[in-house]
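S.K.: Provide a 3D model corresponding to the input given below.
(4 chains)
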Protein chains: 2
Amino acid sequence: MVYKYDLEDKVLLAVDCIIFGFDEEDLKILLIKRDFEPQKGNWSLMGGFLQKKENLDQAANRILYHLTGINDIYLEQLYTFSEVDRDPAERTISTAYYALINAKDHENVLSSDFSAKWFSISDFPDLIFDHPEMIEKAMKRLRRRVSTKPIGFELLPEKFTMRQLQKLYEAILGTPLDKRNFINKINSLDILVKLDEKDMSSSRKGSYLYKFDTEKYQQKISEGFSFKL
Amino acid sequence: MVYKYDLEDKVLLAVDCIIFGFDEEDLKILLIKRDFEPQKGNWSLMGGFLQKKENLDQAANRILYHLTGINDIYLEQLYTFSEVDRDPAERTISTAYYALINAKDHENVLSSDFSAKWFSISDFPDLIFDHPEMIEKAMKRLRRRVSTKPIGFELLPEKFTMRQLQKLYEAILGTPLDKRNFINKINSLDILVKLDEKDMSSSRKGSYLYKFDTEKYQQKISEGFSFKL
DNA sequence: TTGTTAAGTGTAATAAAAACATTTCAAATA
DNA sequence: TATTTGAAATGTTTTTATTACACTTAACAA
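M.R.: All right, here's what the predicted structure looks like:
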């Protein structure tokens, strides 16, 4: 790294968050309506600026917490966007993060205090700057990641049915999956616990609830197991 | 993105490049000996600072060109490193890129003018800052990427033997591969052209040279083909 | 002509993925 | 209380992909 630099080359480093949620059948993203200039009134991803005293992960967490009241969620750095004129007002670079949240369990937190709103991934409003590109990249990353890491569970409530899990994977991957093959595959991974409890909301018969078994998963990982769906 | 910011939060954004090469049996990285403070005399990745008038891809290309004289090579953004004290002297954020170059064809360019030197990926000197972490991450990314995109060819001369290609994959993946299975797999992809020319340097019999067929590959991609090795 | 060295080649066995239809349960209703 | 209803639960067969494996060939050297 060369140490001759020009103070003029210092830049503002922003962090923008693509926040994914899942509700019934639909993958969603959380957007906010800007109540400040520029682009006031337009929809945008949640963002803020990196501060001197924090790293990017911390900045992403801070921004998410301030704008949604939610803490301790899955966050992963995506990509750093740096087109010279991406922000027409000022030279800013933005590192995008994507987050997975269990929308159900945070419904109240996300209430009116915050000007955030969920939109279907297949139907959201025009966004400022390069935010659509960020979402596209996040979607691709999520699609890849979800078949090699058990992060899908972050989008579901703690207890979920096999059908919900399948719908989630179908929504993320954008393709229908065979019910029996899906269940067989999931069961063969042996990282869920089947509860003695049923969800009665979707049928008369009811369907068993499952939980992701974090300890078991960690145990298997340490034994060389690799999640592959 | 919130537009209240503090000018104090402006940062220096560096770009550091992990440059991979391949020589015979060994995957290598190109490092430079710093001839300036701080950390003068220590080895480091090639780096520089993002300038106001360019984006990160352009910065990475510029830095690579200035430090090696090489242009037009495969470059991919890796990750942005932002620990507060990663550079003890000054707050800098660094976006790492990795590059793949065909070391053979650039031997002369990389000659004495530049203080760069190749090191085996399995035996390189201590590096400054978080550069070892960058290399580790680049290595992981390369390993994944190489089985879904035909970027391995970037590391080989234009004409290469099947054996060279296999050795390359073995070096990247860190595992031995079965000769026949490997060749069968590659041939089934149908993206190479077998030349009428042999490389006589490795055996009395000689081994056929192949070329990656970019047009054919692009054609197949546009027809929905997906490279999977 | 014989030896040496790496190149070139195909098939069988195993494992993984995909296709596919019927039965079960619990509540609602006749 | 018997019957209907609608989603849940469940295994097997077929197809495809992956892995394992060994001998022959070409060219030059001795």
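
S.K.: you'd agree residue A:150 is up against residue A:216?
M.R.: No. If you go by C-beta atoms under 8 Å, residue A:150 and residue A:216 don't touch, sitting 10.8 Å apart. For every residue, glycine as well, the C-beta is placed using N, CA and C.

S.K.: which neighbours do those two have in common?
M.R.: Counting by C-beta atoms under 8 Å, 6 or more residues apart in numbering or on different chains, the contacts common to residue A:150 and residue A:216 are residue A:191.

S.K.: per-residue pLDDT of residue A:59, please?
M.R.: For residue A:59, the model assigns a pLDDT of 98.

S.K.: ok so, going back, more neighbours: which of residue A:150 and residue A:216?
M.R.: Using other C-beta atoms under 10 Å in any protein chain shown, the more surrounded residue of residue A:150 and residue A:216 is residue A:150, with 19 against 15.

S.K.: and the closest residue in space to the more buried one that isn't next to it in sequence, what does it touch?
M.R.: Take residue A:150 and drop its neighbours on the chain: the residue closest to it by C-beta to C-beta, 6 or more residues apart in numbering or on different chains is residue A:227, 5.3 Å away. Listed by C-beta under 8 Å, 6+ apart, the contact set of residue A:227 reads A:148-150, A:189, A:191, A:217, A:221.

S.K.: from residue A:212, how far off is residue A:227?
M.R.: Distance, residue A:227 to residue A:212, by C-beta to C-beta, to the nearest Å: 11 Å.

S.K.: shared neighbours of the two, anything?
M.R.: Residues touching both residue A:227 and residue A:212 by C-beta under 8 Å, 6+ apart: A:150, A:191.

S.K.: contacts for the longest helix seen in chain A?
M.R.: Using DSSP state H to define each element, chain A has its longest helix at helix A:131-145. Residues outside helix A:131-145 that contact it (C-beta under 8 Å, 6+ apart) are A:16, A:18, A:20, A:29, A:44-45, A:76, A:78-79, A:81, A:94, A:96, A:98, A:100, A:121, A:124, A:127, A:151, A:172-174.

S.K.: recalculate using a threshold of 7 Å.
M.R.: Helix A:131-145 is contacted by residues A:16, A:18, A:20, A:29, A:44-45, A:78-79, A:81, A:96, A:98, A:121, A:151, A:172-173 when judged by C-beta atoms under 7 Å, 6 or more residues apart in numbering or on different chains.

S.K.: go on, stretch A:146-153?
M.R.: Contacts for stretch A:146-153 (C-beta under 7 Å, 6+ apart): A:74, A:100, A:145, A:168-169, A:172, A:191, A:212, A:217, A:227-229.

S.K.: could you do stretch A:24-31 as well?
M.R.: Stretch A:24-31 has contacts (C-beta under 7 Å, 6+ apart) with A:18-22, A:43-45, A:103, A:116-121, A:124, A:135, A:167, A:171-172.

S.K.: what do you get for stretch A:182-194?
M.R.: A:150, A:162, A:165-166, A:208, A:210-213, A:216-217, A:220, A:227, A:229.

S.K.: most neighbours among those residues, which one?
M.R.: When neighbours are counted as other C-beta under 10 Å, the busiest of the contacts of stretch A:182-194 turns out to be residue A:210, with 23 neighbours.

S.K.: what about the helix or strand hosting that one, near DNA strand C?
M.R.: Using DSSP states H and E, residue A:210 maps to strand A:207-212. No. Legend: contact between strand A:207-212 and DNA strand C by C-beta under 7 Å from any atom of the strand is lacking; minimum distance shown is 10.2 Å.

S.K.: quick one: contacts of that strand?
M.R.: Strand A:207-212 is contacted from outside by A:150, A:153, A:158-163, A:191-195, A:197-199, using C-beta under 7 Å, 6+ apart.

S.K.: please apply the same query to stretch A:56-66.
M.R.: Contacts for stretch A:56-66 (C-beta under 7 Å, 6+ apart): A:15, A:17, A:46-48, A:50-51, A:54, A:70-71, A:73, A:75, A:77, A:95, A:97, A:99, B:80, B:82.

S.K.: which parts of chain A are helices?
M.R.: A:56-68, A:131-145, A:162-173, A:179-189, A:214-222.

S.K.: what is the longest strand seen in chain A packed up against?
M.R.: Of all the segments assigned as strand in chain A under DSSP state E, the longest by residue count is strand A:12-23. Applying 3 or more C-beta pairs under 7 Å, 6 or more residues apart in numbering or on different chains; DSSP states H and E, we find strand A:12-23 packed against strand A:26-33, strand A:46-49, helix A:56-68, strand A:92-100, helix A:131-145.

S.K.: okay, the angle between that strand and helix A:162-173?
M.R.: Orientation of strand A:12-23 against helix A:162-173 (axes from the mean of the first three to the mean of the last three C-alpha atoms, to 10 degrees) gives an angle of 140 degrees.

S.K.: direction included, what does strand A:12-23 pair up with?
M.R.: Strands that pair with strand A:12-23, judged by DSSP bridges, come out as strand A:26-33 (antiparallel), strand A:46-49 (antiparallel), strand A:92-100 (parallel).

S.K.: I'd like the distance between residue A:184 and residue A:202.
M.R.: 21 Å.

S.K.: let me fix that, I meant to ask about residue A:95.
M.R.: 40 Å.

S.K.: residue A:19 too?
M.R.: Residue A:19 sits 26 Å away from residue A:202, taking C-beta to C-beta as the criterion.

S.K.: between these two, who's got more neighbours?
M.R.: Ranked by neighbour count (other C-beta under 10 Å), residue A:19 and residue A:202 place residue A:19 first, with 27 against 12.

S.K.: just give me the neighbour total for the closest residue to the more buried one other than its chain neighbours.
M.R.: Of all residues not flanking residue A:19 in the chain, residue A:30 sits nearest, at 4.0 Å (C-beta to C-beta, 6+ apart). By the criterion of other C-beta under 10 Å, residue A:30 has 25 neighbours.
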